[in-house]
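S.K.: pasted the sequence and its predicted model underneath.
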Number of protein chains: 2
Amino acid sequence: MQIAKTLDELRNARQQFNEPIGFVPTMGFLHPGHLSLVKRVRLECSSVVVSIFINPAQFGPQEDLVDYPRDMGKDLALLKACGVDLVWAPKPETMYPGGYQTWVEVDRVSKPLEGARRPRHFRGVATVVAKLFNAVQPQKAYFGQKDAQQAVVIRQMVKDLNFPIDIVVCPLIREIDGLAMSSRNVYLNSNQRQAASVLYRALKKGQSSYESGERNAKKLREVIIKEIDAEPLTHRDYVSVAHPDTLVELDIIDQDALMSMAVYIGKTCLIDNFLLRNGNWHTGQLTGEPEG
Amino acid sequence: MQIAKTLDELRNARQQFNEPIGFVPTMGFLHPGHLSLVKRVRLECSSVVVSIFINPAQFGPQEDLVDYPRDMGKDLALLKACGVDLVWAPKPETMYPGGYQTWVEVDRVSKPLEGARRPRHFRGVATVVAKLFNAVQPQKAYFGQKDAQQAVVIRQMVKDLNFPIDIVVCPLIREIDGLAMSSRNVYLNSNQRQAASVLYRALKKGQSSYESGERNAKKLREVIIKEIDAEPLTHRDYVSVAHPDTLVELDIIDQDALMSMAVYIGKTCLIDNFLLRNGNWHTGQLTGEPEG
């Protein structure tokens, strides 16, 4: 496994790889969710490139950039064990040198949900992903359904800017009690950790309600909200039932839908979602279980 | 010479080309300035791709999008005679389909000069060039020094977003009386056309003043302004002596400088510039003369 720090090192290494090249951008502190993406690339592509870069541009001034968990040694060992060909781990000054001034903005789909709480977050995400794509030049890039809105923003950007890259969105991976895997779960103390499974239970309630015939999106949101609010450690940010491509809130669920939420537990904001496509629910995959 | 209209046609054609691919983006209505770029690509690259696309996103609401001159038949004949391999002429709805919402903004260098008169112009330019780059995937792309600020914006974008493309900026081409070639020169009536050579004469005065030892940028601007204002048909927009990479106005010219201006003649806004780099003036090339 090669490790590149500079753009030149990356490009020199890349030239030796067979195509298709599959790419997984990460911020490190890898968990089984990340590794599920990497393993899928290994199966589907000739070469596997993973980036590890904690992107300052996607953190707000009050957010956890400084505290964001890091463990490069463990990350590299995990990636090596997955058969990764190249890890790109640029420094912040490589990605944003003095005089840096270019931003990619995806307009409408960046505004609601996470974008409402984090006003410049998706500008930072779109920009760094555009940079990573141009640097790595993969044929396919893999993202997790955990960050559902991020996947929508990236897909829209790739379509709008004509990037010659296939975007593959992979199932969310859950802990045994249903909590969506996230590098930020380490912020939770044991009481909070126990309470955190309420997001999954609430989404399950929403799904059950749909499967019992409920098609009124407001009613579904109410079912979810009731479950969240029953857990005293939670503080809701949003609960959404929206179109999965435009992220416009739905009145009636007549076709596809993204049921998503952000919920604070203490100072930690957790997100989760179930996706309804063509009549099938994509609810993620519990650890140790094959996808159903 | 192949002609592609859709992205699929472009990509299918592109796959057959030898690299390096050189690319010239244009808005059509080609003149010797454009053709000088195309001829240079033919010399330097294995394959030559030219796009013809009048980009709505770079026109302001009060600007000349509808009236912008067009002559596709003549353009194609000229490009064929230059040995172009592929012309990409997408429709507006191919470039900006329903739901389009992604913008590339280069911040500081987009703001002064042309950007002050045309607030969203360089957002439109950067966005369409990013799209064209991703669609064509050239190794080298060629721009004219005529649009000096555009070249600065594109170079900054390419550096910031890590596009794997070399940007080549080629000399401005002038009519025999010094008027910079531009598709918009057709808007001038014969009196206006005669008056229009004042831009070149004014830049020449600025250059002479510099060569006589003047290093005060304000004094140079005054010399240029005096010459422009002596021509009654002109109405000045800006006269600038700025750093050629940051476009920040200079006090003292101690190294490189971009001397540029925008001048209305009637309703037509003409732009022109001389570039000072490493002690050498790049003043463009009069028709029929080899570059000095």
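M.R.: Arrived safely. Numbering: from 1, shown residues only, chains lettered A, B, ... in the order given.
S.K.: next, count neighbours for residue A:151.
M.R.: 20 (other C-beta atoms under 10 Å in any protein chain shown). Bear in mind the C-beta positions are built from the backbone N, C-alpha and C, glycine included.
S.K.: with residue A:31 instead?
M.R.: Residues near residue A:31, counting by other C-beta under 10 Å: 16.
S.K.: residue A:268 touches residue A:184, doesn't it?
M.R.: Yes - contact criterion C-beta atoms under 8 Å: residue A:268 and residue A:184 qualify, at 6.0 Å.
S.K.: mind checking which of these two has more residues around it?
M.R.: Comparing residue A:268 with residue A:184 by other C-beta under 10 Å, the one with more neighbours is residue A:268, at 18 against 15.
S.K.: can you list the domain ranges for chain A.
M.R.: As given by automatic domain parsing, the domain ranges for chain A are A:2-170, A:183-286.
S.K.: chain B is nearest to which of the ones you listed?
M.R.: Between chain B and the domains of chain A, the shortest gap by C-beta to the nearest C-beta is with domain A:2-170, which sits at 3.6 Å.
S.K.: next one: phi and psi at residue A:35?
M.R.: With angles defined as degrees, to the nearest 10, residue A:35 sits at phi -70, psi -30.
S.K.: need the contact list for it.
M.R.: A:78, A:82 (C-beta atoms under 8 Å, 6 or more residues apart in numbering or on different chains).
S.K.: could you redo the last one with a cut-off of 10 Å?
M.R.: A:24, A:26, A:50, A:78-79, A:81-82, A:173, A:181 (C-beta atoms under 10 Å, 6 or more residues apart in numbering or on different chains).
S.K.: make a ChimeraX selection of the buried ones in these.
M.R.: For the buried members of the contacts of residue A:35, the matching ChimeraX selection, counting by 16 or more other C-beta atoms under 10 Å in any protein chain shown, is:
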select /A:24,26,50,78,79,82,173,181
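S.K.: in helices, which of the contacts of residue A:35 appear?
M.R.: A:78-79, A:81 (DSSP state H).
S.K.: of these, closest to residue B:236?
M.R.: residue A:79 (59.5 Å; C-beta to C-beta).
S.K.: please tell me how far the closest one sits from residue A:137.
M.R.: For residue A:79, the distance to residue A:137 equals 20 Å [C-beta to C-beta, to the nearest Å].
S.K.: ok, residue A:220 next?
M.R.: 42 Å.
S.K.: any regions of the stretch 51-200 of chain A where pLDDT drops low?
M.R.: Within the stretch 51-200 of chain A, no stretch has pLDDT under 70.
S.K.: for residue A:220 and residue A:137, indicate the residue with more neighbours.
M.R.: Between residue A:220 and residue A:137, residue A:220 has the larger neighbour count (other C-beta under 10 Å), namely 23 against 20.
S.K.: hmm, back to that, what is in contact with residue A:268 and residue A:184 at once?
M.R.: residue A:64.
S.K.: could you dump the domains of chain A into JSON lines and include distance to residue B:115?
M.R.: Output for these, formatted as JSON lines (distance: least, C-beta to C-beta, whole Å):
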{"stretch": "domain A:2-170", "distance to residue B:115": "13"}
{"stretch": "domain A:183-286", "distance to residue B:115": "31"}
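S.K.: returning to what we had before: kindly reformat the contacts of residue A:35 as CSV containing distance to chain B.
M.R.: Below are the contacts of residue A:35 laid out as CSV (distance: C-beta to the nearest C-beta, whole Å):
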residue, distance to chain B
A:24, 18
A:26, 18
A:50, 17
A:78, 26
A:79, 22
A:81, 29
A:82, 25
A:173, 29
A:181, 29
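S.K.: show me the longest helix that occurs in chain A.
M.R.: helix A:121-136.
S.K.: that helix near chain B anywhere?
M.R.: Yes - judged by C-beta under 10 Å from any C-beta of the partner chain, helix A:121-136 comes into contact with chain B at A:123, A:126-128, A:130-136.
S.K.: quick one, what contacts the residue positioned nearest the centre of chain A?
M.R.: The centroid of chain A falls nearest to residue A:147 when counting by C-alpha atoms, centre = their mean (2.9 Å). Going by C-beta under 10 Å, 6+ apart, residue A:147 touches A:33, A:114, A:125, A:153-154, A:169, A:172, A:180, A:182, A:271, A:273.
S.K.: dump these into TSV; add neighbour count as well.
M.R.: Shown next, in TSV, are the contacts of residue A:147 (neighbours: other C-beta atoms under 10 Å in any protein chain shown):
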residue	neighbour count
A:33	24
A:114	23
A:125	26
A:153	30
A:154	26
A:169	21
A:172	24
A:180	24
A:182	23
A:271	22
A:273	25
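S.K.: just the ones of the residues you listed in strands?
M.R.: A:169, A:271, A:273 (DSSP state E).
S.K.: of these, which are in range of chain B?
M.R.: Okay, of the ones in strands among the contacts of residue A:147, nothing touches chain B (C-beta under 10 Å from any C-beta).
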